[in-house]
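Colleague: Provided below for reference: sequence and predicted model.
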Amino acid sequence: MYMTLKRLVLTDDPKQALRMVRHLMAFMAIIIFSIACLYFYYNDMLYKEGTDFSTLVAAFWAGMLLITLILRSGMNQQLKDPSMTMIQILWCTTFLLILIYMLNSMRSIGLIAYFAIVSFGFFRLTLREFIITASYVCIGYLLIIMYIRIDQPLRINLALELIQLVAFVMTNLVMVYTGAAVSKLRDGFRQRNLELADALKLNTRLATTDDLTGLYTRRYIMDMLSKQKAQSERDDSDFVILFADLDHFKQINDNYGHHTGDRVLKSFSTIIKSSIREIDYASRFGGEEFVVLLVKTDLEQAKQVAERIRSGIEGYNFADIAPGLNVTVSIGIANYKEYKSIQETLMTADNRMYRAKEEGRNKIIFE
């Protein structure tokens, strides 16, 4: 029951759930504020002439419920600020200014309440947004003082209100300055986090990817084989290992140079990647040796993949880098279910690859 209610209110999206939690915290604070407003109203602390207080409260809560609906529905994700922090603060500040106007005395209570409102956005607002909210409430308060002084002079002590206005403006300046510092720190942390994330991605790529060919490293493919073994034991699926070795690769380096050898390795890697599916894994196992993991594949399918790789490199045109260069590959194939051991499956594929070389190279051995 609790989990169902939690899912209904907060959603399964972690970011949306966090936004809803923050909104509901503000919601609870507004409920307390609304109770205080009712206390002011029923104790004749508010100016009631020409004002339907219940209508104002209803309009305010209608706006808050609309914001809640937008957040819960996910429509907020189309906005520049999905948290709708600025919108919520300005909406609550508008109602607060109305309350300040209606208070017969102690308008400073409303001014203090503004700082409680803006505190909910202290770690979300930008410097520009801090300036906008501070300007909005200060100008709003000034207009209220002027209006009451002109229309209802008996309701106001102008000197006291002006002193409160000056103090309020000065406090807002401090808030804006502090908010600017927090905003700068937040932007700095965000930038450093992005740099750390980029560095982590780079380190991960370097640790799992061969720098020359762009294929996975030996260590990574061994990790994937272990995970695939566990998956195979869970769902009784099979996987196949291809062990490929470029034929006479040392002669290519000796006759054409290591630069040409590197180009051959890159070209062969491209052929492998274009011959397998996205769910499969290809690695440079060492030197001119390559291991390919074909997930949820049987021997017949694996033979087709191996033939695409073999024929792909055999027919590849290296004339632009080394006229007359022809490259072939020997491939051994073994499936996991036959041996129930990664090491034995890998060793079998390796042995079959050597048999392909012994039988004349440019061959695929699968039994």
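Modeller: Noted; the coordinates are in hand.
Colleague: give me the nearest residue to residue 208, chain neighbours excluded.
Modeller: If you skip the residues right next to it in sequence, residue 208 has residue 220 as its closest partner in space, 4.2 Å away by Cβ to Cβ, 6 or more residues apart in numbering. Any C-beta I mention is one placed from the backbone N, CA and C, and that applies to glycine too.
Colleague: with only the CA atoms kept, save whichever strand or helix holds the one you found in CSV.
Modeller: Residue 220 is located in helix 218-235, with elements delineated by DSSP states H and E. Output for helix 218-235, consisting of C-alpha atoms alone and laid out as CSV, is shown next (Å, rounded to 0.1, in the frame of the first residue of the first chain):
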residue,chain,number,x,y,z
ARG,A,218,41.7,-8.7,-23.6
ARG,A,219,40.8,-7.9,-20.0
TYR,A,220,37.4,-6.5,-20.9
ILE,A,221,36.5,-9.5,-23.2
MET,A,222,37.4,-11.9,-20.4
ASP,A,223,35.1,-10.0,-18.0
MET,A,224,32.3,-10.2,-20.6
LEU,A,225,32.9,-13.9,-21.1
SER,A,226,32.5,-14.4,-17.3
LYS,A,227,29.2,-12.4,-17.4
GLN,A,228,28.0,-14.4,-20.4
LYS,A,229,28.8,-17.6,-18.7
ALA,A,230,26.6,-16.6,-15.7
GLN,A,231,23.8,-15.5,-18.1
SER,A,232,24.1,-18.9,-20.0
GLU,A,233,23.7,-20.8,-16.7
ARG,A,234,20.6,-18.7,-15.8
ASP,A,235,18.7,-19.0,-19.1
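Colleague: re the thing from before, I'd like to know how many residues surround the residue nearest to residue 208.
Modeller: Here the number of neighbours of residue 220 (other Cβ atoms under 10 Å) works out to 17.
Colleague: which residues of this structure fall in helices?
Modeller: For the chain, the helices defined by DSSP state H cover 2-10, 14-42, 53-73, 85-102, 107-119, 127-151, 158-208, 218-235, 249-256, 258-275, 299-314, 336-339, 342-358.
Colleague: the fifth one to helix 14-42, inter-axis angle?
Modeller: The directions of helix 107-119 and helix 14-42 differ by 170 degrees, with axes from the mean of the first three to the mean of the last three Cα atoms, to 10 degrees as the criterion.
Colleague: distance from the chain centre to helix 107-119, please.
Modeller: Helix 107-119 has its C-alpha centroid displaced from the chain centroid by 35 Å (Cα atoms, centre = their mean, to the nearest Å).
Colleague: that one - contacts with which helices or strands?
Modeller: In this structure, helix 107-119 makes packing contacts with helix 85-102, helix 127-151, helix 158-208, judged by 3 or more Cβ pairs under 8 Å, 6 or more residues apart in numbering; DSSP states H and E.
Colleague: any chance of the ones you listed in TSV, plus mean neighbour count?
Modeller: Output for the helices and strands packed on helix 107-119, formatted as TSV (neighbours: other Cβ atoms under 10 Å):
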stretch	mean neighbour count
helix 85-102	20
helix 127-151	16
helix 158-208	13
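Colleague: of these, which is nearest residue 309?
Modeller: helix 158-208 (21.7 Å; Cβ to Cβ).
Colleague: same for the closest one, what does it pack against?
Modeller: Contacts defined by 3+ Cβ pairs under 8 Å, 6+ apart place helix 158-208 against helix 107-119, helix 127-151, helix 218-235.
Colleague: any idea how far the residue nearest to residue 208 lies from residue 274?
Modeller: Distance from residue 220 to residue 274, counting by Cβ to Cβ, to the nearest Å: 20 Å.
Colleague: for stretch 71-85, buried residues please.
Modeller: Judged by neighbour count using 16 or more other Cβ atoms under 10 Å, the buried positions of stretch 71-85 are 71, 72, 76, 82, 83, 84, 85.
Colleague: which ones are touching the fourth one?
Modeller: Under the criterion of Cβ atoms under 8 Å, 6 or more residues apart in numbering, the neighbours of residue 82 are 15, 19, 76.
Colleague: and these as a markdown table, adding distance to residue 90 and pLDDT?
Modeller: Shown next, in a markdown table, are the contacts of residue 82 (distance: Cβ to Cβ, whole Å; pLDDT from 0 to 100):
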| residue | distance to residue 90 | pLDDT |
| --- | --- | --- |
| 15 | 23 | 79 |
| 19 | 17 | 81 |
| 76 | 15 | 84 |
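Colleague: and which of the residues you listed is nearest residue 236?
Modeller: Relative to residue 236, the closest of those is residue 15; by Cβ to Cβ it sits at 37.9 Å.
Colleague: from residue 281, how far off is the closest one?
Modeller: 31 Å.
Colleague: those two: which has the busier surroundings?
Modeller: Applying other Cβ under 10 Å to residue 15 and residue 281 shows that residue 281 carries more neighbours, namely 20 against 11.
Colleague: what number of residues lie near the closest residue to that one other than its chain neighbours?
Modeller: In space, not counting the residues next to it along the chain, residue 281 is nearest to residue 293; the distance is 4.2 Å by Cβ to Cβ, 6+ apart. Using other Cβ under 10 Å as the criterion, residue 293 is surrounded by 24 other residues.
Colleague: check contacts around residue 293.
Modeller: The contact partners of residue 293, taken as Cβ under 8 Å, 6+ apart, are 221, 224, 225, 228, 239, 240, 241, 280, 281, 282, 283.
Colleague: chain center to stretch 38-58, what's the gap?
Modeller: How far stretch 38-58 lies from its chain's middle: 46 Å, per Cα atoms, centre = their mean.
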